[in-house]
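Engineer: what follows is a predicted protein model with its sequence.
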Amino acid sequence: MFIIGDLLLFATTALVLSITCLCILLHVRARDAYTMEFLVVLVPLCLQVCLSMFMTYLHRVFPPEQLVGNAYEIFCLWATLISILLTSTLLYTMSRYLIGLLPVTPEQKKLGYRLAMAIVSLFLILSLFFIIARSDGNWILAMNLTFDYHFFSGSMLMVAHGITSLWYRKQASGREQESLLTGISATFLPLIVTFPLDLIFFRTHTFKIAYLSFSVFTVYIYLFISRRYFQDYEIPCPQESIPHALLTQQGISSREEEVIELLVLGMTNREIAEKLFISNNTVKTHIKNVYGKLDVSNRVQLFSLLRGETRYGSRQS
């Protein structure tokens with residue numbers, strides 16, 4: 001069972017890390033709200049699973065006689081505090097992300113944010129109290145308690161997120177919102193079943209079956225990213241969606257607007273040159289001017305701006 005736990009822990013860490021890196025690269029390119037919202041959740045999750053894996057294999061690599069002394073005790077204390085903080089941060093960012101998705105009024109969202117802050121703060125305080133009190137100054141024991149049970153216990157709070165997502169799923173205002181709410185409910189509701197299984201099969205292992213729920217959640221994020229950035233951007237945008245008023249306001253000329261319209265139709269520089277009976281270098285000059293006037297650096301950012309997902313001047317803010 002320990003071998004299975006090690007393999008699953010490695011697979012979970014690799015999956016979360018790779019999708020987090022993908023999301024970081026996309027955010028650098030797109031600078032839109034979707035990738036930022038995902039990163040706010042993925043970064044603490046990635047750091048937590050990487051830390052869990054590091055601490056698991058630390059005791060496999062170094063002999064017991066080297067894992068002693070004041071320096072190691074201090075290391076264990078910091079590892080314990082960082083893990084507790086990362087878990088609490090993850091719970092809060094997941095709660096904020098879910099509340100932001102819900103089809104409710106702004107007042108209800110504000111109330112939800114305050115409630116989430118209160119619950120997570122209480123969880124953080126109780127975690128510090130019980131782990132430190134039970135360890136009685138033995139920071140190695142505190143670290144073992146943290147990595148064996150704390151993240152696992154905190155993940156059980158995600159059941160409430162699954163129930164909430166399922167409740168509001170049918171009230172979603174669009175396909176994307178419904179898809180994300182469905183993903184959250186399908187991801188975290190199974191925790192009700194995995195909890196007793198973890199207590200039976202993985203009680204003394206850092207890995208818990210509940211961690212697979214976070215892996216499933218990252219897969220949902222990847223599928224959403226795949227549809228939106230690798231498929232949707234290949235589909236021509238309707239010309240009616242181009243904000244002509246914004247383009248005029250930012251000093252886009254009529255010829256540059258023609259180039260933009262052909263760009264969103266998926267044409268290459270060469271195809272645009274043939275369509276407008278101009279040289280390829282002239283097309284590149286027009287595109288460079290468009291990027292400068294709209295304060296974007298690539299087509300993904302341009303499309304995000306045209307679709308209203310990125311504010312003008314966001315790169316400078």
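Structural biologist: Cool, got the structure.

Engineer: what segments of the stretch 101-250 of the chain are helices?
Structural biologist: 106-135, 139-145, 151-155, 158-168, 175-188, 191-201, 211-225, 244-249 (DSSP state H, counting those that start in this stretch).

Engineer: tally of neighbours for residue 131?
Structural biologist: Residue 131 has 21 neighbours, counted by other Cβ atoms under 10 Å. C-betas here are computed from N, CA, C, even on glycine.

Engineer: equivalent analysis for residue 4, please.
Structural biologist: Counted with other Cβ under 10 Å, residue 4 comes out at 12.

Engineer: so it, which state does it fall into?
Structural biologist: helix (DSSP: H, G, I helix; E, B strand; the rest coil).

Engineer: residue contacts, it?
Structural biologist: Listed by Cβ atoms under 8 Å, 6 or more residues apart in numbering, the contact set of residue 4 is empty.

Engineer: so how far is residue 205 from it?
Structural biologist: From residue 4 over to residue 205 the distance is 9 Å, taken as Cβ to Cβ, to the nearest Å.

Engineer: check residue 92 too.
Structural biologist: 27 Å.

Engineer: those two: which is more packed in?
Structural biologist: residue 92 (21 against 17).

Engineer: for that one, which non-adjacent residue is closest in space?
Structural biologist: Closest residue in space to residue 92, ignoring its immediate chain neighbours: residue 120 at 4.4 Å, by Cβ to Cβ, 6 or more residues apart in numbering.

Engineer: the one you found and residue 253, how far apart?
Structural biologist: Counting by Cβ to Cβ, the gap from residue 120 to residue 253 is 51 Å.

Engineer: try residue 78
Structural biologist: When residue 78 is compared with residue 253 (using Cβ to Cβ), they lie 58 Å apart.

Engineer: neighbour-wise, which of those two wins?
Structural biologist: residue 253 (14 against 11).

Engineer: residues contacting that one?
Structural biologist: Shown in contact with residue 253 (Cβ under 8 Å, 6+ apart): no residues.

Engineer: per-residue confidence for it?
Structural biologist: pLDDT for residue 253: 91.

Engineer: from what I can see residue 37 touches residue 94, true?
Structural biologist: No - under the criterion of Cβ atoms under 8 Å, residue 37 makes no contact with residue 94, lying 11.0 Å away.

Engineer: who's more crowded, the two?
Structural biologist: Neighbours were counted for residue 37 and for residue 94 using other Cβ under 10 Å; residue 94 has more, 24 against 19.

Engineer: give me the mean pLDDT for stretch 71-87.
Structural biologist: On average, stretch 71-87 scores 93.

Engineer: hmm, I was thinking of stretch 189-202
Structural biologist: Here the average pLDDT along stretch 189-202 is 83.

Engineer: with only the CA atoms kept, save that stretch in CSV.
Structural biologist: Extracted as CSV, the C-alpha positions of stretch 189-202 are listed here (Å, rounded to 0.1, in the frame of the first residue of the first chain):
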residue,chain,number,x,y,z
LEU,A,189,-18.6,15.5,-3.6
PRO,A,190,-16.7,12.2,-3.8
LEU,A,191,-14.7,13.2,-0.7
ILE,A,192,-17.7,11.9,1.3
VAL,A,193,-16.8,8.4,0.1
THR,A,194,-13.0,8.7,0.1
PHE,A,195,-12.8,9.9,3.7
PRO,A,196,-13.4,6.4,5.3
LEU,A,197,-11.2,4.8,2.6
ASP,A,198,-8.3,7.0,3.6
LEU,A,199,-8.7,6.2,7.2
ILE,A,200,-8.6,2.5,6.4
PHE,A,201,-5.9,2.3,3.7
PHE,A,202,-3.7,5.5,4.0
